[in-house]
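Visitor: got a sequence here, can you build the structure:
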Amino acid sequence: MCDGFGLAQFLKTMAEMIGGAHVPSIQPVWQREIFNARNPPRITCSHLEFEDVPLVSPISECSNIIRTKKEEMEKLGLPLGYYGNAFAYPAVMSKAEVLCKSSLGDVVELIKKAKEQVNVEYMKSVADLMVIRGRPRFSELGNFIVSDNTRLGFDQIDFGWGLPRFTGAATCFSMIISCLVSLEKEGEKGISVAIAFPTELAVQTFQREIDRFKITSSL
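Guide: This next block holds a predicted model:
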């Protein structure tokens with residue numbers, strides 16, 4: 001029914017009502033037809049996220065379309081208050097060998113390029129692809145998804161007993177990491193990164209990589 005932004009808008013409205021408001025400060029907009037497939041449907045963009053390509057490493061940015069700013073909403077043709085699902089998986093592909101030899105900054109640039117391709121035409125193309133190909137699942141082979149929820153506003157929702165100390169899912173999901181806002185003991189905000197690992201060995205391997213990264217960063 002909604003994505004992360006839509007859920008945040010709903011919870012903010014509930015908080016306003018609890019605080020005494022009689023109507024939402026932002027009126028909800030249904031208009032699910034905004035992202036309907038075209039007639040006839042036509043795929044006009046590249047959608048690597050739905051392709052199983054061997055011998056490469058797909059880096060998929062799980063991109064909840066950020067609608068926290070008026071200009072971002074206008075870019076996608078979304079009216080203020082739209083809370084329906086506006087979810088896309090723009091992906092960029094790289095050979096595994098090249099990716100492993102690249103710096104973290106290079107990988108971040110690849111993800112940025114994937115996010116930049118998302119516009120109204122891209123979203124329409126996704127909707128058309130769903131019709132033409134029968135709602136295929138995104139590629140899971142070798143995929144890594146980053147879900148950034150830090151700008152959705154969950155940390156600003158107050159139901160009357162203060163701001164939340166943690167905002168996010170109660171559990172983690174495989175191949176997806178979530179970036180969440182958390183409140184430290186001293187009252188300072190931080191970002192928690194929730195990651196799920198399939199085995200204890202994977203946890204130990206990840207810990208070694210983090211330790212190596214910290215050593216490199218301190219030099």
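
Visitor: can you tell me the element residue 204 falls in?
Guide: helix 200-218 (DSSP states H and E).

Visitor: and the contacts of that helix?
Guide: Outside helix 200-218, the residues that touch it by Cβ atoms under 8 Å, 6 or more residues apart in numbering are 195, 197. Any C-beta I mention is one placed from the backbone N, CA and C, and that applies to glycine too.

Visitor: would you mark the buried spots in stretch 85-93?
Guide: Neighbour counts over stretch 85-93 (16 or more other Cβ atoms under 10 Å) mark 86, 87, 88, 89, 90, 91, 92, 93 as buried.

Visitor: that stretch: end-to-end distance?
Guide: In stretch 85-93, first residue to last residue: 25 Å (Cα to Cα, to the nearest Å).

Visitor: go on, stretch 181-197?
Guide: 21 Å.

Visitor: quick check: mean pLDDT of that stretch?
Guide: Stretch 181-197 carries an average pLDDT of 76.

Visitor: next one, pLDDT for the nearest residue to residue 136 once chain neighbours are set aside please.
Guide: Closest residue to residue 136 apart from its sequence neighbours, by Cβ to Cβ, 6 or more residues apart in numbering: residue 50 at 5.2 Å. On pLDDT, residue 50 comes in at 84.

Visitor: which residues touch residue 50?
Guide: By Cβ under 8 Å, 6+ apart, the residues touching residue 50 are 129, 133, 136, 137, 138, 139.

Visitor: all helices of this protein, in order?
Guide: 4-18, 70-75, 96-101, 104-116, 120-132, 200-218 (DSSP state H).

Visitor: of all those, which lies closest to residue 45?
Guide: When the helices of the chain are compared by Cβ to Cβ, helix 120-132 sits nearest residue 45, at 4.1 Å.

Visitor: list the helices and strands that closest one packs on?
Guide: Under the contact criterion of 3 or more Cβ pairs under 8 Å, 6 or more residues apart in numbering; DSSP states H and E, helix 120-132 touches strand 87-88.

Visitor: and the strand it packs on, which strands flank it?
Guide: Next to strand 87-88 in the sheet, as set by DSSP bridges, lie strand 63-64 (antiparallel).

Visitor: re the thing from before, from the chain's centroid, how far away is the helix holding residue 204?
Guide: 25 Å (Cα atoms, centre = their mean, to the nearest Å).

Visitor: which residues touch the strand ranked longest in the chain?
Guide: The strand spanning the most residues in the chain, taking DSSP state E as the definition, is strand 176-183. Residues from elsewhere that reach strand 176-183 (Cβ under 8 Å, 6+ apart): 62, 144-150, 154-155, 163-169, 172, 189-196.

Visitor: and it, how far out from the chain's middle?
Guide: Offset of strand 176-183 from its chain centre (Cα atoms, centre = their mean): 11 Å.

Visitor: which parts of that strand are buried?
Guide: Across strand 176-183, burial judged by 16+ other Cβ under 10 Å covers 176, 177, 178, 180, 181, 182, 183.

Visitor: not counting sequence-adjacent ones, nearest residue to the second one?
Guide: Okay, so that is residue 177. What sits nearest to residue 177 in space, not counting adjacent residues and going by Cβ to Cβ, 6+ apart, is residue 195, at 4.7 Å.

Visitor: do the same with the fourth one
Guide: If the residues on either side of it in the chain are set aside, residue 180 comes closest to residue 168, at 3.8 Å by Cβ to Cβ, 6+ apart.
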